[in-house]
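S.K.: Pasting a predicted model and its sequence here:
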Amino acid sequence: MNIKGQSFLTLKDFTPDQIAEFLDIADWLRDCKRKRVRVSGCEGKNIALIFEKTSTRTRCSFEVAAYDLGMGATYLDPKASQIGKKESIADTARVLGRMFDGIEYRGFGQEIVEDLARYSGVPVWNGLTNEYHPTQMLADLLTIRDYFGHLAGIRLTYMGDARYNTGNSLMIACSKMGLHFTCCAPKKYWPNAELIEICRGYAAESGATLTFTEDVVSGTTGADVISTDVWVSMGEPDEIWEERINDLLPYRVTMDCMKRAADGAIFLHCLPSFHDLNTEIGRAISERFGINEMEVTDEVFESPYSKVFDEAENRMHTIKAVMYATLSEEPWPGNRA
Ligand code: CP
Ligand code: NVA
């Protein structure tokens, strides 16, 4: 593929072949990293990292990947930049586009990242918006491919809040790449009808199926991958915890879910996760509502089913692949024929 100069805003913008190639590039870059082989093509470039919401994995992935590729990275934290407060997105984009070769944005509405791409004139990478989390999807797909050797035909069940960035993006990723996607959640947490319709179109092409159920037993039986995310996302108000806990407690990933899944099933979570009391929020929720673990039990999180740290490492390799594909002056070896 030649997507040099393009932005990476949502997987909706990419074909299944292009998504597979991002994974191949990530695989190659991971191999180079492990063998300590330097990769050329991006040296001397500079990237800006705008974070209007906090991050551990995404920020570190962009920074480490940038340094590995010989690029400079400038981090703008949630409080320090003028973006949106004293300066419009369009003005910010036009300024940053004069200084940087690429811009990562994490924050609120998808329209912000679209505007950054429209006005900056350089590739913009979506590091998470309310609607989508596309770099996370490449890491999830790579992890699934690492474990099962293929993507098409894998049965993935997502439990919990499926109408936000992670749930939406997993439905897109699965339907594009031929995985059978099951949304196991109360109906009000299913992705919106318009996005489901779009994904049904992708599924018709790829052979994927989409299933929506409120029934935990049928939703988890025979799954190859069970995945979940936090019940309250960044930017959502504190007041909704009570409703979310009441609604989603039956959709916690437990050992019973994993035992009902297929032989060799794995558990994935984009992280961070509330699976014990070793976080401030986890302890506060425990005091208020009397629960000691939320979207996944500590038993599952710490079990051999759990591949969450492989998934986290793959964030870096896949984010590096996105930057390489959109910025590099050289084609990657797999594209040289
Ligand atoms: N999964 C993920 O995006 O993690 P961070 O919020 O730490 O970046
Ligand atoms: N849905 C979560 C994902 C965090 C990586 C959030 O938006 O907070």
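M.R.: Received, thanks. Ligands and ions are numbered 1, 2, ... in the order given.

S.K.: Confirm for me that Thr92 is in contact with Leu116.
M.R.: Yes: because the distance of 7.5 Å satisfies Cβ atoms under 8 Å, Thr92 is recorded as touching Leu116. Placement of C-beta: from N, CA and C, glycine included.

S.K.: So for these two, which sits in the more crowded spot?
M.R.: Per other Cβ atoms under 10 Å, whichever of Thr92 and Leu116 has more neighbours is Leu116, with 29 against 25.

S.K.: near ligand 2, anything from the helix or strand hosting the more buried one?
M.R.: For Leu116, the host element (DSSP states H and E) is helix 110-120. No: using Cβ under 6 Å from any ligand atom, helix 110-120 stays clear of ligand 2, coming no nearer than 12.7 Å.

S.K.: Would you mind listing the buried residues in that helix?
M.R.: Gln110, Ile112, Val113, Glu114, Asp115, Leu116, Ala117, Tyr119, Ser120 (16 or more other Cβ atoms under 10 Å).

S.K.: Render the CA-only coordinates of that helix in CSV, please.
M.R.: Backbone C-alpha positions of helix 110-120 (Å, rounded to 0.1, in the frame of the first residue of the first chain) are rendered in CSV as follows:
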residue,chain,number,x,y,z
GLN,A,110,-14.1,12.7,16.3
GLU,A,111,-14.7,15.9,14.5
ILE,A,112,-11.7,17.4,16.3
VAL,A,113,-9.3,14.9,14.9
GLU,A,114,-10.9,15.3,11.5
ASP,A,115,-10.5,19.1,11.6
LEU,A,116,-6.8,18.7,12.7
ALA,A,117,-6.3,16.5,9.6
ARG,A,118,-8.2,18.9,7.3
TYR,A,119,-6.3,22.0,8.4
SER,A,120,-2.8,20.8,9.3
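
S.K.: And for it, what's in contact with it?
M.R.: 7, 9-10, 50, 84, 89-90, 92-94, 96-97, 103, 105, 107, 123-124, 126, 129-132 (Cβ atoms under 8 Å, 6 or more residues apart in numbering).

S.K.: May I see the ChimeraX selection of the buried members of the residues you listed?
M.R.: For the buried members of these, the matching ChimeraX selection, counting by 16+ other Cβ under 10 Å, is:
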select :7,9,10,50,89,92,93,96,97,103,105,107,123,124,126,129,130,131,132
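
S.K.: Enumerate the residues of the stretch 51-200 of the chain near ligand 1.
M.R.: Residues of the stretch 51-200 of the chain lying near ligand 1 (Cβ under 6 Å from any ligand atom): Ser55, Thr56, Arg57, Thr58, Leu128, Gln136.

S.K.: Sort out which of these are buried, if you could.
M.R.: Counted by 16+ other Cβ under 10 Å, those give Ser55, Arg57, Thr58, Leu128, Gln136 as buried.

S.K.: check which helix or strand covers the residue most central in space within the chain.
M.R.: Closest residue to the average C-alpha location of the chain: Gln136 at 1.9 Å, with Cα atoms, centre = their mean. Using DSSP H and E, Gln136 falls within helix 134-148.

S.K.: since we're on the nearest residue to Lys45 once chain neighbours are set aside, how many residues are nearby?
M.R.: Leaving out its chain neighbours, the residue that sits closest to Lys45 by Cβ to Cβ, 6 or more residues apart in numbering is Asp101, at 4.0 Å. Applying other Cβ under 10 Å, we find 19 other residues in the vicinity of Asp101.

S.K.: and what of Ser88?
M.R.: The burial count for Ser88: 14, using other Cβ under 10 Å.

S.K.: And Ser328, by the same measure?
M.R.: 18.

S.K.: Could you pull up the contacting residues of it?
M.R.: Lys4, Gly41, Cys42.

S.K.: Where neighbours are concerned, which of those residues has the most?
M.R.: Cys42 leads the contacts of Ser328 on contacts (other Cβ under 10 Å) with 23 neighbours.

S.K.: do you know how far the nearest residue to that one once chain neighbours are set aside is from Ile198?
M.R.: Leaving out its chain neighbours, the residue that sits closest to Cys42 by Cβ to Cβ, 6+ apart is Leu69, at 4.1 Å. To Ile198, Leu69 is 33 Å away according to Cβ to Cβ, to the nearest Å.

S.K.: neighbour count winner among these two?
M.R.: Neighbour count, other Cβ under 10 Å: between Leu69 and Ile198, Leu69 has more, with 22 against 16.
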